[in-house]
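*Asks:* next come a sequence and a model predicted from it.
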Amino acid sequence: MTGALTERARRLYGAHPLHLLSLLASFALVGYAISLLGVHSLWNDRVWWQSIIVWFLGAIVLHDLVLFPFYALADRSLGAGWRAVTGRAPQATPVVSPRNYLRLPTMASGLLLLMFFPGIIRQGSGSYLRATGLTQQPFLGRWLLLTGAFFGISAIAYAARTITVRRQRSGSPASDPVVPSEDATPAELLTHDGDPQW
Amino acid sequence: MTVDGTGLGQPDESDQGTPAATEVGGAPVTESAPDGADGPDEGAHGPDEAPFGFPDRLWRTIAEHRPPGLPNPRAFRSPLRGPWLTSVFGFLLLISLPLVALTGLLDYIAYGPRLHQSIPGNVGVLHLPFFNWPTRPVWLFQVTEGLHVTLGLVLVPVVLAKLWSVMPKLFTWPPLRSVAELLERLSLVMIVGGIVFEMATGILNIQYDYLFGFNFYTAHYFGAWVFMTGFVVHVALKLPTMVRSLRSRSLLGELRTPLAETEAEAPDADGLVPTDPAPPTVSRRGALALVGGGSLLVAVLTVGQSIGGVARESALLIPRGRSYGDGPTDFQVNRTAVAASIEPSATGPAWRLSLVGGSNEVTLDRVTLMAMHQHTADLPIACVEGWSTTQRWTGVRLADLAELAGVPHPTKAHVQSLEGGGGFAEAWLQSNQVLDPDALLALCVNGVDLSPDHGFPARVIVPALPGVHCTKWVRSIEFVR
């Protein structure tokens, strides 16, 4: 009897009744939190973009529709750009794909910029000075140095990897184009461009 | 190879009985179901075969009106995406985010809600049970706030990875096939908006960038409750899926799988696994190492602000990794004397400390205070931004001052600064915070007079008390019986 009822509810609603109950409870709790804050506090009449509700919903928009497409496209362009270059000069195709050696330092540098941009671009310099008595002067230089270090380390790692693979290759039958290593073959990397991947 | 268009390849797949299906050991890949013909093009995806709920006509209409320009689910081709990877990130967040939430809620208590100085003031029932914030261990607030901020920052790469892993779901069409899905999507606004909002406001606040314009404490506190609500519901609804997905692959096995052997997960009902996966460019263990490496990088570049000492300099990109010099008063300043509009004349020989609460007001100058019994204690100053610094403070015990004022057992005390205004020109102290043997009205630090920026002529320093309540440039203390 109850089983049939649950089944009917599930068909109409789309999930188990407990699903509905827990979601309604959560909406009520959020409503309570907003009522404590005061609905008027969600909105700033003078500067609309400094409203709590704009920041809350804007956070989703900025992540899902700006940050994600941006880095996904950047990664795709990396692959596509590389294909275009090597397509014209296949004989110059390197033995190890540089893809991850470019991705890694770019992501490290990008992550730091994403998280610590206020100091790097000197945003909020007034409140910074009042709080600390200092300026934000060193941060841009430090971030650039870190970025340089990331790419430098990556370059060394890439060189080391290339040498290793070359040696392995010259040791094995020369006709074998497949790199006997953890890395995918360059051909594989270059013909199949994935999408936003790590 | 890259069929990025409208799913032209699908009929072929079903005709050929999909090689993928045989590979996954006969898992029911139901792409070959004939109903694909009358449904929308994307109907080949797993979840799209679920029936529509009530009102069925509405969901069907939505399904038939796929907005142009919406990325095709087939555009998501990463072979790493799948319920297992998502569940690993989810599991990491499941065990770590409650700690961030708990330390945040504890810090609300540290501000003293019973003395009406926690912000926001009215939180209804949305708080931990109130208690008097202890003064021991002296590093209590240093640890709770340091953990809150550091862990919050360290989790940024994990959150970004988790969101990346479920991104195809944002673009699936139809987005809804029942009221249940509508409500669940709404609840995702709480969790996704909540976590990004909390991280963004927190990250800006620790860098003194008040771009958001609204009150940080209020927004961050209520934002946290919205997030926590969404989090609890999401966990309740998804826990079985997470457990099942985690069991679907062995973590150790993944850690032993090199790139060349990395394959897509078995097709899932949620459509995270791509129907047409690209060859991997990173192994699954590589992706995990990447996210872990990102977290480690953030940890190395931030934890120094809380640990201090030689580690401080490793906090290269945040305010509290900076050095002020080698002198005895060259440690982290929070709000300069200039910013607080402290007139030098007000802190000179004319300065007096007034003690109120007893039968008579007691007024003391600095020479008299220096002549009283001096006590020295090593105590941290710890701030809401997560940084802290431990220094050797010397001054008169607050308990001695209370006795001098004629109120040896105060229930609370009200400290006021020379500072004209601002949120922290005054502070209330609990009884235990006045009577702790290390609770001081500090006159000196590291053997020399306080500097103007550190509160000369006198400042409060109390064990485990949030830094902003260790009032600087003290003018008066009222001890309440």
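*Replies:* Now that the structure is in, tell me what you want to look at.
*Asks:* now the helices for chain A?
*Replies:* A:2-13, A:17-37, A:52-61, A:68-88, A:99-120, A:125-132, A:137-171, A:186-191 (DSSP state H).
*Asks:* any part of the third one near chain B?
*Replies:* Yes. Figure legend: helix A:52-61 in contact with chain B (Cβ under 8 Å from any Cβ of the partner chain); contacting residues A:Ile52, A:Trp55, A:Phe56, A:Leu57, A:Ala59, A:Ile60. C-betas here are computed from N, CA, C, even on glycine.
*Asks:* what's the ChimeraX line that selects buried ones from these?
*Replies:* A single ChimeraX command selects the buried members of the residues of helix A:52-61 next to chain B (16 or more other Cβ atoms under 10 Å in any protein chain shown):
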select /A:52,55,56,59,60
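*Asks:* what is the nearest of the residues of helix A:52-61 next to chain B to B:Pro410?
*Replies:* Ranked by distance to B:Pro410 (Cβ to Cβ), the residues of helix A:52-61 next to chain B are led by A:Ile52 at 38.3 Å.
*Asks:* so which bits of the helix ranked longest in chain B are buried?
*Replies:* Secondary structure assigned by DSSP H gives helix B:216-248 as the longest helix of chain B. Neighbour-count burial for helix B:216-248 flags B:216-235, B:237-238, B:241-242, B:245-246 (criterion: 16+ other Cβ under 10 Å).
*Asks:* just stretch B:356-363 next, same as before
*Replies:* Buried-residue list, stretch B:356-363, by 16+ other Cβ under 10 Å: B:Val356, B:Gly357, B:Gly358, B:Val362.
*Asks:* what residue in chain A comes nearest to chain B?
*Replies:* Nearest to chain B in chain A, going by Cβ to the nearest Cβ, is A:Gly14, at a distance of 2.4 Å.
*Asks:* quick check: closest non-adjacent residue to residue 128.
*Replies:* Using chain A. Leaving aside its sequence neighbours, A:Tyr128 sits nearest to B:Tyr208 (Cβ to Cβ, 6 or more residues apart in numbering or on different chains; 4.5 Å).
*Asks:* was after chain B, sorry
*Replies:* Closest residue to B:Leu128 apart from its sequence neighbours, by Cβ to Cβ, 6+ apart: B:Leu105 at 4.8 Å.
*Asks:* mind listing what the spatially most central residue of chain B touches?
*Replies:* Centroid check for chain B by Cα atoms, centre = their mean gives B:Gly152 as the closest residue, at 3.7 Å. B:Gly152 sits next to B:Val100, B:Glu198, B:Met199, B:Gly202 when contact means Cβ atoms under 8 Å, 6 or more residues apart in numbering or on different chains.
*Asks:* pLDDT at it, what is it?
*Replies:* For B:Gly152, the model assigns a pLDDT of 98.
*Asks:* returning to what we had before: and the residues of helix A:52-61 next to chain B, which two are furthest apart?
*Replies:* The two members of the residues of helix A:52-61 next to chain B with the most space between them (Cβ to Cβ) are A:Ile52 and A:Ile60, at 13.8 Å.
*Asks:* in chain A, which ranges drop under the pLDDT threshold?
*Replies:* Along chain A, segments meeting pLDDT under 70 span A:1-2, A:172-198.
*Asks:* do the stretch 1-150 of chain B as well
*Replies:* B:1-50.
*Asks:* hang on, the earlier thing: can I get the buried residues of stretch B:356-363 in a markdown table including pLDDT?
*Replies:* Below are the buried residues of stretch B:356-363 laid out as a markdown table (pLDDT from 0 to 100):
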| residue | pLDDT |
| --- | --- |
| B:Val356 | 96 |
| B:Gly357 | 94 |
| B:Gly358 | 90 |
| B:Val362 | 96 |
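*Asks:* contact partners for the closest residue to B:Phe76 other than its chain neighbours?
*Replies:* Distances taken as Cβ to Cβ, 6+ apart put B:Pro168 closest to B:Phe76, at 4.3 Å, once the chain neighbours are dropped. Remark: with contacts taken as Cβ under 8 Å, 6+ apart, B:Pro168 is in contact with B:Pro73, B:Phe76, B:Arg81, B:Gly271, B:Leu272, B:Pro274.
*Asks:* shouldn't the last one be in contact with B:Phe76?
*Replies:* What it means is B:Pro274. Yes. With contacts defined as Cβ atoms under 8 Å, B:Pro274 counts as touching B:Phe76 at a distance of 5.6 Å.
*Asks:* who's more crowded, those two?
*Replies:* Neighbours per residue (other Cβ atoms under 10 Å in any protein chain shown) separate B:Pro274 from B:Phe76, with B:Phe76 holding more: 26 against 23.
*Asks:* that one and B:Asp276 touch, don't they?
*Replies:* No. Between B:Phe76 and B:Asp276 there is no contact under Cβ under 8 Å: 9.5 Å.
*Asks:* touching both of those two, which residues are there?
*Replies:* Common contacts of B:Phe76 and B:Asp276 (Cβ under 8 Å, 6+ apart): none found.
*Asks:* for the closest residue to B:Gly321 other than its chain neighbours, grab phi and psi.
*Replies:* Counting by Cβ to Cβ, 6+ apart, B:Gly321 lies nearest to B:Ala315, which is 2.8 Å off, once chain neighbours are set aside. Backbone torsions of B:Ala315, given as degrees, to the nearest 10, read phi -80, psi 80.
*Asks:* list the contacts of B:Ala315.
*Replies:* B:Ala315 touches B:Leu301, B:Thr302, B:Val303, B:Gly304, B:Gln305, B:Gly321, counting by Cβ under 8 Å, 6+ apart.
*Asks:* quick one: contacts of stretch B:335-343?
*Replies:* Under Cβ under 8 Å, 6+ apart, the answer for stretch B:335-343 is A:129-133, B:417-420, B:422, B:424-425, B:452-453, B:456, B:472-473.
*Asks:* go again using 6 Å as the cut-off
*Replies:* For stretch B:335-343, contacts defined as Cβ atoms under 6 Å, 6 or more residues apart in numbering or on different chains pick out A:Arg130, A:Ala131, A:Gly133, B:Leu418, B:Glu419, B:Gly420, B:Pro452, B:Asp453, B:Trp473.
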